[in-house]
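Visitor: kindly generate the corresponding structure for this input.
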Amino acid sequence: MIKITEGVFIPETELTFTFIRSPGPGGQNVNKVATAVLLRFNVMNSPSLPEDLRARLLLQLGNKITQVGELIIKASRHRTQERNKQDAIMRLQEQLSHAAKIQKKRRKTKPTFSSTQKRLTTKKLHGKNKSLRQKKSHDE
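Guide: Take a look at the predicted model:
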């Protein structure tokens, strides 16, 4: 079971692991042993995801989810299959827990009087410095 939030858990039976050859370090076994991991998680058909979390996931990870609705994570940082598998699960857990957090809506606020005054004075000083850099014309 992978814990996402207090009430949301994903059983490992919903995850599909495929082992492929890793492009990274591996020593003598680099061309013989499949150490990299492709983790597939079907976001669209997962019964353990609540609908609001599923909608936020589709918004946040829209370009990483396939047309079938699968989230694919490739892990090949480590030399062993087991560590790459753990790494892929951790990355899935991070992405899902990040999507589970509901972002606060930003309230528009008016800039304070002093901040607008500061902004305008710095603009005037910057313009003055630029005008001092310009060459004087011959007409004057």
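Visitor: is F17 part of a helix or strand, or is it coil?
Guide: Recorded secondary structure, F17: strand (DSSP: H, G, I helix; E, B strand; the rest coil).
Visitor: give me the beta-bridge partners of it?
Guide: Beta-bridge partners of F17, counted by DSSP bridges, are L39.
Visitor: tell me the contacts of it?
Guide: If you count contacts by CB atoms under 8 Å, 6 or more residues apart in numbering, F17 has them with 37-40, 85, 88. Any C-beta I mention is one placed from the backbone N, CA and C, and that applies to glycine too.
Visitor: quick one: buried residues of stretch 33-49?
Guide: Buried residues in stretch 33-49, defined by neighbour count with 16 or more other CB atoms under 10 Å: 33, 35-43, 46, 49.
Visitor: give me the subset of the residues you listed lying in helices.
Guide: Among the buried residues of stretch 33-49, none falls in helices (DSSP state H).
Visitor: most widely separated two among those?
Guide: Across these, the longest distance by CB to CB is 33.7 Å; it joins V33 and L49.
Visitor: can you check the pLDDT for the most centrally placed residue in the chain?
Guide: With distances taken as CA atoms, centre = their mean, the chain has Q95 as the residue nearest its mean C-alpha position (7.0 Å). With respect to pLDDT, Q95 scores 84.
Visitor: swap in the one 10 residues further on?
Guide: As summarised for this prediction, K105 has a pLDDT of 89.
Visitor: if anything else comes up later, I'll come back, but that's it for now.
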